[in-house]
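In: Coordinates only, no sequence provided:
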């Protein structure tokens with residue numbers, strides 16, 4: 001969603017027609033003093049603080065050409081826990097950065113106030129700066145700022161006295177203050193920036209308890225951090241919450257640590273965006289780096305996901321002649337002098353994607369990524385976050401467990417295993433019998449698929465916590481039985497395997513044995529297995545879920561007997577099944593035409609079913625959504 005805000009307050013200067021610039025990272029020399037340009041002025045002010053009960057000091061920067069006959073917006077710029085009102089001046093030289101920007105006509109004229117954010121009588125950064133009284137003084141500063149400093153500045157200087165002309169930003173502890181005070185007082189501030197915000201930053205649900213108000217009132221919310229900063233998690237959790245709640249903001253990740261190299265660049269970029277008409281649709285382009293994917297191995301920086309869902313891949317292969325990333329679409333990587341290959345992809349769709357490295361034509365797994373069994377082999381995978389992914393997010397709710405259970409199969413005469421989800425409270429409810437969903441993977445995958453790629457436990461934990469799904473057991477079995485995944489012989493072997501597994505589950509777990517409390521579902525190959533074993537054994541299952549699947553067009557030797565069985569048993573099947581739930585990933589799903597033809601056959605046979613689509617093709621994001629919706633139908 002795009003909002004355009006205009007303020008009459010911006011019309012006080014002739015340059016107010018300028019829009020936000022395409023702010024780029026600071027170039028070399030941006031912080032070097034130039035003697036050939038007009039310069040602003042740094043003054044010290046003293047104000048009476050009723051909050052603290054003392055006279056306090058702050059620095060004030062007035063821009064080149066400052067005139068008392070004009071009125072200016074104000075930026076309040078805060079320091080870190082180890083500094084005071086002079087920290088920015090001594091380490092960041094903001095007046096030099098701003099003077100240079102004014103000379104390039106990149107800034108709206110503004111007054112910048114640099115206060116002491118430690119609101120106590122002895123506000124010097126001496127002794128134990130982590131002392132609880134001194135830390136508390138940073139929170140007390142909110143009252144000092146709102147009730148003492150701002151009224152003083154607005155009385156002494158020619159400033160515009162409205163929220164649209166007031167900004168707050170800061171580094172580290174001051175970054176946390178800026179987010180806390182700015183977002184907590186949207187009637188006072190419309191422009192908020194947190195640079196490398198420290199642990200004093202409130203949890204995001206407390207920072208932005210009313211996302212709708214934040215969306216409506218904020219002109220710019222800027223959150224930034226260096227990629228090697230140990231405090232980046234505080235910025236990331238705020239970004240994740242804002243993204244989920246659709247609050248427009250810039251999340252800027254840049255090379256660097258917790259230091260002024262990062263913070264000077266932040267001021268350089270942030271200041272250029274202030275007090276100008278806002279294009280929130282452009283916010284996602286403001287970042288130098290992405291955030292490591294959740295699917296990376298521990299401490300691996302790449303792949304990185306950018307805010308607009310493009311992905312940066314970076315691989316070291318100094319001896320290779322050609323390296324590509326294969327995500328279905330192949331991307332050629334460019335080699336640097338350091339032996340690293342790099343590429344940035346197009347914007348990628350939501351959720352989980354398999355990928356491979358192609359090194360001189362050989363497909364291999366990315367050593368920086370977790371690997372997943374898919375495509376018939378171990379492959380790399382990447383998780384792309386999206387606004388609608390909250391239903392499989394890790395939340396503070398009761399959690400069930402996923403167990404591995406080994407059993408001996410009489411069908412294959414071998415030991416096999418199943419992944420089994422037990423819901424929250426399973427251990428405590430010693431007498432309760434649970435309904436059971438048997439959940440099947442697709443071709444080229446195995447019993448691990450639904451647990452790892454599918455995030456079954458998180459989906460179910462969240463649904464059960466919201467009272468949207470009944471607590472149930474979910475049995476994720478290995479459907480790879482017989483020769484050939486899609487022939488009558490392999491389907492018959494799977495049916496036998498399933499019939500052998502059910503009694504084992506019911507004798508080892510608190511599983512309700514009634515057919516009305518039993519469901520079967522699967523994706524792709526697992527969907528065919530569900531169609532075959534479920535419809536032929538409708539006296540054993542009351543719910544069937546078919547995801548991205550359908551009997552093959554033109555394979556009448558396989559599909560024909562299935563339709564004939566339905567014709568002969570249509571009344572019994574309709575009577576036994578409470579739901580035959582069919583879902584597809586839209587027209588781009590490779591099984592779409594097969595499914596469409598199959599449903600036309602079902603219509604002719606008067607077989608009852610429910611059909612739904614979720615766009616995304618033949619992919620895990622679609623199947624996660626299928627499970628989310630299908631499980632809410634079950635056992636009610």
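Out: Alright, I've got the coordinates. Just so it is clear, the structure is predicted and the values come from calculations on it, not from any experiment.
In: Angles on the backbone of residue 44, please.
Out: Here is the backbone geometry of residue 44 (degrees, to the nearest 10): phi -100, psi 130.
In: number of nearby residues for it?
Out: 11 (other C-beta atoms under 10 Å). Every residue, glycine included, has its C-beta placed from N, CA and C.
In: ditto for residue 404
Out: 12.
In: Okay, now the unreliable bits of this structure?
Out: For the chain, residues meeting the criterion pLDDT under 70 lie at 1-22, 483-485.
In: 50 instead?
Out: 1-19 (pLDDT under 50).
In: Nearest the geometric middle of it, what residue?
Out: residue 385 (3.7 Å; C-alpha atoms, centre = their mean).
In: For residue 371, which non-adjacent residue is closest in space?
Out: residue 378 (4.5 Å; C-beta to C-beta, 6 or more residues apart in numbering).
In: quick revisit: the residue nearest to the centre of the chain contacts residue 307, doesn't it?
Out: No. If you go by C-beta atoms under 8 Å, residue 385 and residue 307 don't touch, sitting 9.9 Å apart.
In: roughly how far is stretch 373-393 from the heart of the chain?
Out: Distance, stretch centre to chain centre, for stretch 373-393: 12 Å (C-alpha atoms, centre = their mean, to the nearest Å).
In: what's the answer for stretch 54-65, then?
Out: That offset, for stretch 54-65, works out to 40 Å (C-alpha atoms, centre = their mean).
In: same check, this time on stretch 94-112
Out: That offset, for stretch 94-112, works out to 35 Å (C-alpha atoms, centre = their mean).
In: And it, what's buried?
Out: Judged by neighbour count (16 or more other C-beta atoms under 10 Å), stretch 94-112 contains these buried residues: 94-102, 107-112.
In: Stretch 75-89 now?
Out: 75-81, 83-89.
In: now, the most widely separated pair of those?
Out: Distances among the buried residues of stretch 75-89 were taken as C-beta to C-beta; the most separated pair is 75 and 81, at 20.6 Å.
In: before we move on, back to that, from the buried residues of stretch 94-112, which ones fall inside strands?
Out: Restricting those to those inside strands, with DSSP state E as the criterion, leaves 111, 112.
In: what sits up against stretch 174-182?
Out: With C-beta atoms under 8 Å, 6 or more residues apart in numbering as the test, stretch 174-182 has contacts from 77-80, 117, 138-139, 141-142, 145-146, 168-170, 188-189, 191-202, 207, 223, 234, 238.
In: Now, of the residues you listed, which are buried?
Out: Of the members of the contacts of stretch 174-182, the ones counted as buried by neighbours, 16+ other C-beta under 10 Å, are 77-80, 117, 138, 141-142, 145-146, 168-170, 189, 191-198, 200-202, 207, 223, 234, 238.
In: Pull up the gap between the residue of the chain most remote from its centre and residue 528, please.
Out: What lies farthest from the middle of the chain is residue 568; by C-alpha atoms, centre = their mean that is 49.7 Å. Computed as C-beta to C-beta, to the nearest Å, the residue 568 to residue 528 distance reads 20 Å.
In: what sits against residue 189?
Out: 163, 166, 167, 168, 181, 182.
In: Can you classify the last one as helix, strand or coil?
Out: Following DSSP: H, G, I helix; E, B strand; the rest coil, residue 182 is assigned to helix.
In: Could you do residue 522 as well?
Out: Here residue 522 is strand, with the state taken from three-state DSSP.
In: can you check residue 470 too?
Out: Going by three-state DSSP: residue 470 is coil.
In: Pull the contacting residues for it.
Out: Applying C-beta under 8 Å, 6+ apart, the residues contacting residue 470 are 435, 464, 634, 635, 636.
In: residues contacting the second one?
Out: Which is residue 464. 397, 398, 400, 423, 424, 470, 471.
In: Secondary structure element holding residue 224?
Out: strand 220-226 (DSSP states H and E).
In: Next, the angle strand 220-226 makes with the helix or strand just after that strand.
Out: As assigned by DSSP H and E, the chain's next helix or strand after strand 220-226 is helix 232-244. Relative orientation of helix 232-244 versus strand 220-226 (axes from the mean of the first three to the mean of the last three C-alpha atoms, to 10 degrees): 150 degrees.
In: so what secondary structure elements neighbour the helix or strand following helix 232-244?
Out: Counting by DSSP H and E, the next helix or strand C-terminal to helix 232-244 is strand 250-254. With contacts defined as 3 or more C-beta pairs under 8 Å, 6 or more residues apart in numbering; DSSP states H and E, strand 250-254 has these neighbours: strand 220-226, helix 232-244, helix 260-272.
In: Could I get the ones you listed in CSV, plus columns for distance to residue 345?
Out: Shown next, in CSV, are these (distance: least, C-beta to C-beta, whole Å):
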stretch, distance to residue 345
strand 220-226, 23
helix 232-244, 19
helix 260-272, 25
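In: Which one of these lies nearest to residue 547?
Out: helix 232-244 (25.5 Å).
In: Now list the buried members of the contacts of residue 470.
Out: 435, 464, 634, 635.
In: just to revisit the earlier point, residue 550: which of the contacts of residue 189 is nearest?
Out: residue 182 (53.7 Å).
In: circling back: can you list contacts of the strand holding residue 224?
Out: Counting by C-beta under 8 Å, 6+ apart, 167, 169, 179, 183, 190-197, 214, 231-232, 235-236, 238-239, 242, 247-259, 262, 266, 270, 273-274, 278 sit against strand 220-226.
In: Each with direction, which strands does it pair with?
Out: If you go by DSSP bridges, strand 220-226 pairs up with strand 191-195 (parallel), strand 250-254 (parallel).
In: Switch the ones you listed over to TSV; also include distance to residue 350.
Out: Below are these laid out as TSV (distance: least, C-beta to C-beta, whole Å):
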stretch	distance to residue 350
strand 191-195	27
strand 250-254	18
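In: between those strands, which one is nearest to residue 126?
Out: When these are ranked by proximity to residue 126 (C-beta to C-beta), strand 191-195 comes first, at 24.1 Å.
In: Report the next helix or strand after that closest one in sequence order.
Out: helix 204-207.
In: tell me what that following helix is packed against?
Out: Packed next to helix 204-207, using 3+ C-beta pairs under 8 Å, 6+ apart, are helix 173-184, helix 232-244.
In: want to throw these into TSV with distance to residue 452?
Out: What follows is those, written out as TSV (distance: least, C-beta to C-beta, whole Å):
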stretch	distance to residue 452
helix 173-184	35
helix 232-244	21
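In: Of these, flag the one that's most buried.
Out: Among these, helix 173-184 has the highest mean neighbour count (mean count of other C-beta atoms under 10 Å), at a mean of 27.
In: Return the angle between stretch directions for it and helix 232-244.
Out: 20 degrees.
In: Just grab the bridge partners of the closest residue in space to residue 283 that isn't next to it in sequence for me.
Out: Leaving aside its sequence neighbours, residue 283 sits nearest to residue 250 (C-beta to C-beta, 6+ apart; 4.8 Å). Legend: beta-bridge partners of residue 250 under DSSP bridges are residue 222.
In: burial count for residue 250?
Out: With other C-beta under 10 Å as criterion, residue 250 counts 23.
In: Distance-wise, check it relative to residue 223.
Out: 7 Å.
In: Then residue 479?
Out: 45 Å.
In: And residue 424, by the same measure?
Out: Remark: distance between residue 424 and residue 223 (C-beta to C-beta) = 34 Å.
In: go on, residue 331?
Out: Relative to residue 223, and taking C-beta to C-beta, residue 331 is found at 29 Å.
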